[in-house]
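Student: based on what follows, work out the 3D shape:
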Amino acid sequence: MTNITDTHLEQLKTKMVESYRKFQYGMRDNKKGTFKGMPDSYWEENIQEFADSISFKMGKKYLAVRLTNERGYQSAWGFVNVGNPKFEVGDILKAAGYSTPALNKARGNLFGDYEVSWTGPHYLVGVKYS
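Tutor: Prediction:
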């Protein structure tokens, strides 16, 4: 049993969608871009499609955050810890693969102040990889 509520998941989804909105409007506002002159309805439809693609699937240790494309293929956005004692409940973890989170460090916590991108949890800053 977790303390994660639908409200926490809606807040996560809202942050993901707002990040996607900034990305979409950045493309819209690029005066030299391919999408110059597209109506606002085009951008709002894209944003709504992204919002509709987000789903959550509860597992034993993690809640998976998935994106489903128009053909029904799913990808892993990230994970939220619900049962791994190495992390706090609510810790946001980057996806290492479709069904596996990266276990090096949490990228935020649903119960605290956190930022995410529409592409996934943020990368770790200042980490040296060998």
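Student: how near is the residue nearest to Lys13 when sequence neighbours are not counted to Phe111?
Tutor: Take Lys13 and drop its neighbours on the chain: the residue closest to it by Cβ to Cβ, 6 or more residues apart in numbering is Ile54, 5.3 Å away. Heads up, the C-betas are built off the backbone N, CA and C, glycines and all. Distance, Ile54 to Phe111, by Cβ to Cβ, to the nearest Å: 20 Å.
Student: this protein: strands as residue ranges?
Tutor: For the chain, the strands defined by DSSP state E occupy 54-58, 62-68, 74-81, 92-94, 116-117, 120-121.
Student: which outside residues touch the fourth one?
Tutor: In this case it means strand 92-94. For strand 92-94, contacts defined as Cβ atoms under 8 Å, 6 or more residues apart in numbering pick out 12, 62, 78-81, 87, 101-103, 106-110, 114, 116, 120-121, 123.
Student: I am finished for the moment; much appreciated.
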